[in-house]
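**Student:** any chance you can model this:
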Amino acid sequence: MKASSHAIAVSRIRKLVLRDTGQVLSDVCAFEIATLLSSMQRTSAPVSEDEEFQSRDVTILLADLRGFTAIAADRSAGEVLQMLNPVLIKMSEIIFKHGGTIDKFMADSIMALFGVPSSRSDDVARALSCAAEMQVWMCDHSAEQRRKGMLELFMGVGINTGTVLAGTLGSDVYSEYTLNGDEVNLTSRIEAFSLRG
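**Tutor:** Just a heads-up that it's a prediction; the model follows:
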């Protein structure tokens, strides 16, 4: 499904929602639907050996909970999920609100892209606004946890903009759309050195 097909599908969904609920589908929700359609296409498309990666300018945001591996080591899987899932849900909402695309969850971290599948002139500004809102929410969440006598969580965020190779890796058995290049590695290093909060 190409970008134009996504736009047609989202337009039809808008009309269905309006007809059945009387509510107008928000732009954030429409973007989430387009992102979902795009990710479905990326993971189900067969990969050919001669498929080319495209050079793309992308802003990469990597957010990670500080010290969560050590925190999780002393708790049951259920407790870990109860702490982690609300954070990842909220981070996802914030990313979509700012027009980002979630590349992947990696345990207690999340990688978001601005500029893929389509680029905008304000990709960097939206990524920065996204990171700021993430940290504000984490601060409020930690304060609420503290009031309840529960463990506080803190997040570090790294952002980097640069040219990467974007394309599908894998086989017909499993494939995923991903980025490759030094800019991805640099984002990870920036995030590792970022302070919590």
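
**Student:** where does the prediction get shaky in this protein?
**Tutor:** 1-6, 28, 35-36, 38-52, 197 (pLDDT under 70).

**Student:** so what's Met155 closest to, chain neighbours aside?
**Tutor:** In this structure, Met155 finds its nearest non-sequential neighbour in Met138, 4.8 Å apart by CB to CB, 6 or more residues apart in numbering. In this view, the C-beta of every residue, glycine as well, is placed from N, C-alpha and C.

**Student:** so the one you found sits against Phe154, correct?
**Tutor:** Yes. Met138 lies in contact with Phe154 (CB atoms under 8 Å); the separation is 6.6 Å.

**Student:** for the host helix or strand of Ile60, which residues meet the burial criterion?
**Tutor:** If you go by DSSP states H and E, Ile60 is part of strand 54-65. Neighbour counts over strand 54-65 (16 or more other CB atoms under 10 Å) mark 56, 58-65 as buried.

**Student:** counting neighbours, what do you get for the residue nearest to Met155?
**Tutor:** 24 (other CB atoms under 10 Å).

**Student:** now do the contacts for it.
**Tutor:** Contacts here follow CB atoms under 8 Å, 6 or more residues apart in numbering; on that basis Met138 touches 87, 153-155, 197.

**Student:** a markdown table for the residues you listed, including neighbour count, distance to Glu183 and secondary structure?
**Tutor:** Listed next are the contacts of Met138 as a markdown table, based on neighbours: other CB atoms under 10 Å; distance: CB to CB, whole Å; DSSP: H, G, I helix; E, B strand; the rest coil:
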| residue | neighbour count | distance to Glu183 | secondary structure |
| --- | --- | --- | --- |
| Val87 | 20 | 26 | helix |
| Leu153 | 20 | 28 | coil |
| Phe154 | 17 | 26 | coil |
| Met155 | 26 | 21 | strand |
| Gly197 | 13 | 25 | coil |
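
**Student:** and stretch 95-107, how far out from the chain's middle?
**Tutor:** With CA atoms, centre = their mean, to the nearest Å as the basis, stretch 95-107 stands 1 Å off its chain's centre.

**Student:** about what we covered before: tell me which strands the strand holding Ile60 pairs with, and in which orientation.
**Tutor:** When sheet partners are counted by DSSP bridges, strand 54-65 sits next to strand 109-114 (antiparallel), strand 155-170 (antiparallel).
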